[in-house]
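>>> No sequence on hand, only this structure:
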């Protein structure tokens, strides 16, 4: 608790200073940090190897180890993400909607930082860099609590980033890492209203549920991705195959990967035979409903829990549906509001899917894997918000700010 209070105080003080730093200085800091990551890549990879070895010794799944892994390419990606964020327009200070009231008062909105942002996340050390970069550019200080699985990687990354800040006018204390990875520290962090303005959890359903239920600090819900691909009867089945394989197998442990496959009954026999074989070639375990099993009899029978579950692994669940209406009803009941896709050549069905599916990102003839801040042109994102208040979808710079009303008068009284 002592570490948490000390670092909470530091990050709160740094947040005030950072909110008044110029765009040029923030960009300089981002570029310095980008360069420092590349210069210290070997040290970061060495620290990451310790985390990888510990994870393997604990029997961690291959998919989670992939999330944990840092190599030269991924560090280049992290570095490039900071450079990209530096090149984005700074939302802080933007004034909009100035109106003049009948009494002569001019009232406008000005975009300002949220303040001190707490990030609670699991086995993805690249989140450390993404969070720092986006928070810094949007004028927010950051207090980070990563999972124990990535503690060595996170400590080294933060050390490198803070060292780079020493070459700039930014307060070094605007980045804080909580090194105590105990559950007690997380619980205390959730109630640190005096120092933290907002909490953003990034991880599995269990982590997000815990933060939502226990935090007194305001929370932006992110991440849980029970994502579906629906293959309509009027679709290009070769395209559908490519989309399903991409959405499920490229990185199954990330929140925008496909977990469920819905297939319209008219094309079920033809498509299931092909797609199950393709998935199994890529070591994906296939579960499904009774209609799916009638077509491929060694599919594992799914239960009600499967329909709600975010696997984050090489597992997929198939369901045969009567039509698009049943597909939409199923998605809106079991989906997590993250990313949903339809494969179809029917314009009316595409429009219906867009209109009626309740999710942050709804795709027609494309993989759910594109739900990502960089892919959307925001730079790295702080997370994918699945709620409807404040922000929804990939959270970039603007989503890390709020509004302040600014009023100009010439002596008006009420």
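Sure, I can see it. Predicted, not measured: the structure shown is a model, and the values here were computed from it.
>>> how close does residue 232 sit to residue 269?
Distance of residue 232 to residue 269, given as C-beta to C-beta, to the nearest Å: 15 Å. Heads up, the C-betas are built off the backbone N, CA and C, glycines and all.
>>> Comparing these two, which residue is more hemmed in?
More crowded of residue 232 and residue 269, by other C-beta atoms under 10 Å: residue 232, with 25 against 14.
>>> Surely that one touches residue 262?
No: applying C-beta atoms under 8 Å as the test, residue 232 and residue 262 come out as separate, 9.4 Å apart.
>>> list residues touching both of the two?
residue 327 (C-beta atoms under 8 Å, 6 or more residues apart in numbering).
>>> Can you pull the poorly scored residue ranges out of the stretch 1-150 of the chain?
In the prediction, the stretch 1-150 of the chain carries no residues with pLDDT under 70.
>>> let me fix that: the stretch 201-350 of the chain
223.
>>> again, 90 this time
Scanning the stretch 201-350 of the chain for pLDDT under 90 picks out 201-212, 220-224, 253-255, 312.
>>> Okay, helices next: where are they in it?
For the stretch 201-350 of the chain, the helices defined by DSSP state H, counting those that start in this stretch occupy 205-214, 237-249, 265-281, 290-295, 304-308, 324-334, 347-356.
>>> What are the structural domain limits within the protein?
For the chain, the structural domains run 2-222+382-408, 227-370, going by automatic domain parsing.
>>> export the ones you listed to JSON lines and tack on distance to residue 414?
Formatted as JSON lines, the domains of the chain follow (distance: least, C-beta to C-beta, whole Å):
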{"stretch": "domain 2-222+382-408", "distance to residue 414": "9"}
{"stretch": "domain 227-370", "distance to residue 414": "42"}
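>>> Nearest to residue 376, out of the ones you listed?
domain 2-222+382-408 (5.2 Å; C-beta to C-beta).
>>> Tell me the gap between the closest one and the middle of its chain.
12 Å (C-alpha atoms, centre = their mean, to the nearest Å).
>>> Ends of that domain, what's the gap?
44 Å (C-alpha to C-alpha, to the nearest Å).
>>> what do you get for stretch 360-370?
12 Å.
>>> What residues sit buried inside it?
360-363, 365-370 (16 or more other C-beta atoms under 10 Å).
>>> Likewise for stretch 80-94?
Buried-residue list, stretch 80-94, by 16+ other C-beta under 10 Å: 80-86, 88, 90-92.
>>> for stretch 305-318, same thing?
Quick answer for stretch 305-318 (16+ other C-beta under 10 Å): 306-307, 309-318.
>>> So which of those residues belong to strands?
315-318 (DSSP state E).
>>> Specify which member of those residues is nearest to residue 64.
Taking those together and measuring to residue 64 by C-beta to C-beta, the closest member is residue 315, at 13.0 Å.
>>> Would you confirm that the closest one contacts residue 283?
No: with contact defined as C-beta under 8 Å, residue 315 does not count as touching residue 283 (10.2 Å).
>>> re earlier: save the helices of the stretch 201-350 of the chain as a markdown table, and put in distance to residue 73 too.
Shown next, in a markdown table, are the helices of the stretch 201-350 of the chain (distance: least, C-beta to C-beta, whole Å):
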| stretch | distance to residue 73 |
| --- | --- |
| helix 205-214 | 27 |
| helix 237-249 | 19 |
| helix 265-281 | 25 |
| helix 290-295 | 37 |
| helix 304-308 | 34 |
| helix 324-334 | 34 |
| helix 347-356 | 35 |
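>>> Can you say which of the ones you listed is nearest to residue 16?
Proximity to residue 16 (C-beta to C-beta) singles out helix 205-214 among the helices of the stretch 201-350 of the chain, at 25.2 Å.
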